[in-house]
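Pasting the sequence and the predicted coordinates here, then a few questions.
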Amino acid sequence: MMGFLGLGDQWVSLLIVFPLLGAFLIPFVYAFVKNKKISAWIAILTTGAGLVVAIDTLMKVVSGHTIEVIMGGYMPPMGINWKVDIWGALLTTLIYFIGFLATIYSMGYVKKDKWVQYFATMQVMIAGAVGVAMTGDLFNMFVFLEVASISAYILVSTEPEASTLEASFKYLVLGSMATSFILLGIGLLYGAYHTLNIYDIASKIGAHPMLDITAIALLLVGLGVEGAMFPLNSWLPDAHPSAPSPISAMLSGTLIKIGLVGIVRVLIMVKNTPYFDRILFILLVWGITTSLWGELSALRQKDIKRMLAHSSSAQMGYIVAALSTFTPVGIAAALMHMLVHALSKALLFMSAGSMIEGRHTRDIEGLRGSGRNLSGTMFGVGVLSLVGLPPLPGFFSKFLILVSVYQKWGLTPVIFILLITIAEVFYYLRTTAVIFDVGEKIKENGYILFSTILLGITVIVLGFMPHVLEHIATVGKDTLAASVLPYTSLMPSGNLFIAISWLLGAAVICLIPGLRIVGILLGIGAGGYGVYTMLGATVPAVVSVLAYLAVFGIVFAHMQGDGKADGVKDALLFVAFASLMAVLNTNSMFVVLYFWELMSVMAFFMFLTEPRRAMSGVNYSTMMTAFSYIFMLGIVVLYVNTGSYETAKLSYVFAAILIGVAMSLKLGVFPFHVWAEYGYKEAHPVVAGYLSGAVSKVAFFLLFIAAAYATLPAKLNYILILLAGISIVWAGYRAIVADDLMGILAYSSISQMSYVLAGVLIGGAAMSGAWLHALGHAVFETGLFIVAYVILLIYGTTKIDELKGKGGVHPAIFYLSIVLFMSLAGVPPLSGFVSKWLMYQGALDGGFGLVAVLMMIGSAMSMMYGLRFIIALSGKPQKGGELSIVPLTIYALITLGLGIYPWPFFEKLSVALAPFKVNVPLTWKELVLGTSGGGKYTALMIITLFVLSFILFLIFYALSAPAKRKGKVFRGGTFYEPTDENLPALGDMLWPMGHVGQYISYFDTWHEGVAVFTQTAADVLRGVYTGYLPDYALYVSITLAVVLKLAHI
Amino acid sequence: MNIYITYILLGVLLPLIALLYDGIERKMTARIQGRVGPPITQSWLDFIKLLTKKVKLPEDTNMLMLFTGLVLMFAGAFIPLIMVFMRKGDLILLMYLMVGGTLGILLTGLAFRSPYSRVGVSREMQMAFAYEISFIFAIVITIMVTGCRTLESCNVSSIPLVKWPLLLIPFILFLFVAPAKVGVVPVDIGEAESEIAEGPFVEIGGRYLAIAKLSKSMKMLALMQLITLLYLLPADVTGIWYWIYSFVIDGVLVFFTISVVRNAASRIKIDQAVKFYATVPLTIGIIGLVIVYLMRGWGM
């Protein structure tokens, strides 16, 4: 659409006029009227007016119309012109938007006595930045760059202290070096082609290759300094933190982007030269190197603003990497990420600034607990957006970057980018966890809050309006939604939409104190309705039933909790369950990815509801994100190689392998099961129950899909099966020697899901066993988590040492736990036995003898650790947690029923699995009569014999003399009164087991070694930033030499 | 004969025969020790005596746990006993039922709030885990060599003569398992009489003890018959000869694996036991598996 102001193109010049006018008026007016507040209002007025024109301009450009304005009637290439393409229009809008908000923010941040010079300088900076963005002339660009930079140098040291002045000075020197290089480059180009117009040079370039390359290198290096590329960004870690927060927001949000836009102009100039591809490759390597240094340096920062500054430079690296593809998707990705990063980083600086103002420190530890308010929430929003998590816009831009880089440059750069991003996830989540801790509340300033919240709302809204992002990034052509970014498919439809809406409504209600129970019941009902709408004999339907069983039990039992954080947990859980339904109910892997990541976000926040578990949440989420990146990579590979996100296209083996491996990791396959320590053991029982009961089933579902559509190579299959077998035993051992009830359940969960993993990959009878075991696991494992929750409620701890002789629960809960435990251990005739038996048959059929042995040993182990759990419960019966009896009874009945009569489940399963051409002996006849040599599970015979034994038992009973209960245990010559101390809790009595396998527990700390290595590497890398200005100047020179050398090869 | 009649008959007779074997074992032990020993019907008499004794249990005993434990213990010995003599049923199911029997012992021990029983339970648990490993290896190697999964088809005679040596390893493993599972010195650590006063069974008497002892005897007989069926039945014998042959061989096995072992060694400590079973039989089992894989690889 054309602009709404109805002005001609010429009026674009207003975008320079307004801020310059403001810069003039502010001191001029102040000379007459000594009211500093007027300065602020003038600034707001001019910036606001500029914002309106900027938006108008953007709308014009997005409708496909590149604005060209000729100054003074002198035609280019002699005269100066504006040429506002999408880069210019978008950046200008961003500059004005963030500038406007920063101006308001400054009213609450900057000391009043400085307002006149501060606002005036800020106006000049805006003018300069906008000029660089909009101009089509090289020298003009240089002038405006100088204008903007000099204003920036001044603004950095608004608070004149030693550190800020030093930072400002470094920025000045390096910036001047940069602009000198740029001037030199421009001079060379003018000398060769006698023109300063960018587009004119583009048409003429090529006649003098050596000179061209030298000039281009000079330009790139000079612009790279401003654009925060490594190692030219050495001024950044000092300058951005030293500046007041609104200026930091502008610098990181917009000023470094003008370097980027400059680089775009350079690329436009050299587009048709023979060395263009080499330049692009240099940019790719440069971008990734920048990201690497930026993220690892940020990892080690204790000053929050330095961390954000390093992160900015890293993000610039990603944008440059996307730009280096120079494909339509790549350019769209770069544009989108520029937009997203500008807004998110500004938001981060603004919200951080609010917290810094409240605590008067920039140290992250000093800011602990300052985030339980709106500022902190906005910080959280900024973090999620930057890291690329739904429902915020960063998800789309990051994903596009990956697709574009993979399309053009292949797998290796994408793997680098993803690895580097894991560090980013870690430090951002860690910071979020720290600020969301419990702590002294801070005072928040009205102006500051206003700007921060407005910016935050913009970011959130953009996340839900990806069509706006697409419209801007594709300059109105809207080519993304149809193929690479099908965000329209994210909207659920039909009955699923209704179910999800109800679930979200339930989540909201849970947050209202007093109405939590209502919310929970509503959520349970909505979830049930959602599952019901999906009901049918399909694989997703079966999985949804499994997940719902787990969630139902957990949430129902959670109604007994009355902590403050419980309502929040329930709300998060319902949102997560809604996402889960969306994952199951779609054919598009893009939708799966989006909602899977959303589930991960919800899981992370569940950890944050309890401060002492927050760091475990960070560790868990980081590891899970690392696995999700493998998953994401698989989806990117799928799209680029098959052109679609359809699940059926997973027959493209490499994609299926990536997805299968990612899901195996999420199920805890050895040796990557170490996340269970944080995600299950250290989590609140309700959270762990949800993760283990429901989320693992969805991971299993995705693994099944990957394995079903593609035939995994036999070697990989065997390795995965073997690893799963090792996991069973390894995790079983860890469960036996665990010192915490949650630890037992955590490793038990890994062990049991490894059975399922192995079963799916082995196929045959083991496949049906795996599905039944998944159902059983959703039931008995979740049930035991519920019991652990009851223990937590009654005793306040789940550590076995602290429970000692106590730990008793309501008798009904105790006996139900025994039933669930027996199913876990695989005692016939419960379902746990049937599923394990089927898996053994499958393993033996397939010749996997070692795996069969491992499975059976695992089963013996499960008996041991299950028994440890039961023993911990066997204290004097206590009241408490009675509501859990309902879900536990349901679970016990299910596991008993399916153990005696599993065939209805198998019949449904065979119908569901039929489309996948999975051959499983599922019918009653096949199971009982068996194939040649196959085993037989004759439940009827077993039951008969059980009953017979019981009858015999009773006969003995009747024939024998009666028993009386009287008296106490006699020991050591006296009657024995069991107390906490002398009734052993069996923890330390298992020391022979602990001794035999101590290396196992030691091996499981390997991830800490990786963390230490990364941090050491990070420290080595950031040693580059010596703080010594001559070093930095040297880096600039070295970079120039390197770029020249590379360009000339 | 009608199948149901057979089952009922076996159900009544086999426990009696198991007790008889217990008596035979006691006689053999006595003779090794140079005593005359009790008559072989002594166990029957002990059983009846125990049934008539009045029992006092501590007042805080968990009755439901005790019952569950005893039923499991009983079923875990009785059902396998019927299965192995009827030669019907799945091999893995059999193993799991016996494991269920061990679970029964553990639950029985947990029913009492006595430190002896608790220690007994923890030791029995660790012992069970240790010998289960050998048991598992033995069963899996047997299945892989003979290709059978059910008791009907599992038989040495079903495989060619040249493969018989392969079954030597599982047989040896079973010899390791047998004394541990039945609970005789040197590895009766769970019920060490002189150390922890019978461990899980310290507080029970009368009819409960009767059930416990009966289950133990049935377990012993079932295990012996299992070994016989799997490794010591050179031809597919049926009819009356099957029964005679089984009982004779069972007796021989009882002598060698139970009586001799019991009298030749003294009890070892739990950590020694766990370490031993986690290394020596495990190594043998792994070697056995490797050999089987190699044989398969060579197309045998």
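Here it is on my side, so go on. Numbers count the residues shown, from 1 in each chain, chains lettered A, B, ... in the order given.

isn't residue A:284 right up against residue A:409?
Yes - contact criterion C-beta atoms under 8 Å: residue A:284 and residue A:409 qualify, at 6.0 Å. (Glycine included, C-beta is placed from N, CA and C.)

Tell me which of these two has more neighbours.
The neighbour comparison of residue A:284 against residue A:409 (other C-beta atoms under 10 Å in any protein chain shown) goes to residue A:284, with 21 against 18.

Can I get the helix or strand harbouring the more buried one in CSV, CA atoms only?
Using DSSP states H and E, residue A:284 sits within helix A:276-299. Only the C-alpha atoms of helix A:276-299 are listed here, as CSV (Å, rounded to 0.1, in the frame of the first residue of the first chain):
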residue,chain,number,x,y,z
PHE,A,276,31.7,-11.4,-5.7
ASP,A,277,31.4,-14.9,-4.5
ARG,A,278,34.7,-14.7,-2.8
ILE,A,279,33.6,-11.6,-1.0
LEU,A,280,30.5,-13.5,0.0
PHE,A,281,32.5,-16.3,1.3
ILE,A,282,34.7,-14.0,3.3
LEU,A,283,31.6,-12.5,4.8
LEU,A,284,30.4,-15.9,5.8
VAL,A,285,33.6,-16.8,7.6
TRP,A,286,33.8,-13.4,9.1
GLY,A,287,30.2,-13.6,10.4
ILE,A,288,30.7,-17.0,12.0
THR,A,289,34.0,-15.9,13.6
THR,A,290,32.3,-12.8,15.0
SER,A,291,29.5,-14.9,16.4
LEU,A,292,31.9,-17.4,18.0
TRP,A,293,33.9,-14.7,19.7
GLY,A,294,30.9,-12.7,20.7
GLU,A,295,29.0,-15.6,22.3
LEU,A,296,31.9,-17.1,24.1
SER,A,297,33.0,-13.7,25.4
ALA,A,298,29.5,-13.0,26.5
LEU,A,299,29.4,-16.4,28.3
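
what comes up buried for that helix?
Neighbour-count burial for helix A:276-299, counted by 16 or more other C-beta atoms under 10 Å in any protein chain shown, picks out A:278-280, A:282-284, A:286-299.

same deal with stretch B:270-285?
In stretch B:270-285, counting by 16+ other C-beta under 10 Å, buried: B:270, B:273, B:274, B:275, B:276, B:277, B:278, B:281, B:282, B:284, B:285.

mind listing which of those are in helices?
B:270, B:273, B:274, B:275, B:276, B:277, B:278, B:281, B:282, B:284, B:285 (DSSP state H).

Looking at those residues, spot the one nearest chain A.
residue B:274 (4.3 Å; C-beta to the nearest C-beta).

Can you give me the distance of that closest one to residue A:454?
66 Å (C-beta to C-beta, to the nearest Å).

Check residue B:76 too.
In terms of C-beta to C-beta, residue B:76 sits 70 Å off from residue A:454.

now do residue A:373
16 Å.

just residue A:243 next, same as before
Distance of residue A:243 to residue A:454, computed by C-beta to C-beta: 21 Å.

and what of residue B:228?
With C-beta to C-beta as the criterion, residue B:228 and residue A:454 are 84 Å apart.

repeat for residue A:654
Applying C-beta to C-beta to residue A:654 and residue A:454 gives a distance of 45 Å.

that older thread, now cross-check the buried residues of helix A:276-299 against chain B and list the overlap.
When these are filtered against chain B using C-beta under 8 Å from any C-beta of the partner chain, no residues are retained.

Could I get the full set of helices for the stretch 301-450 of chain A?
Remark: helices assigned in the stretch 301-450 of chain A by DSSP state H, counting those that start in this stretch are A:304-323, A:328-359, A:374-387, A:394-409, A:411-435, A:446-463.

And for chain B?
Going by DSSP H, chain B shows helices at B:3-32, B:42-52, B:63-86, B:91-110, B:115-146, B:168-182, B:193-196, B:206-231, B:239-253, B:261-264, B:270-297.

I'd like the ones you listed as CSV, with distance to residue A:630 appended.
As requested, these are exported to CSV (distance: least, C-beta to C-beta, whole Å):
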stretch, distance to residue A:630
helix B:3-32, 56
helix B:42-52, 63
helix B:63-86, 44
helix B:91-110, 36
helix B:115-146, 34
helix B:168-182, 41
helix B:193-196, 52
helix B:206-231, 46
helix B:239-253, 54
helix B:261-264, 54
helix B:270-297, 32
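
Nearest to residue A:350 among those helices would be which one?
helix B:115-146 (58.9 Å; C-beta to C-beta).

and residue A:69, that's in a strand?
Yes - assigned with DSSP: H, G, I helix; E, B strand; the rest coil, residue A:69 falls within a strand.
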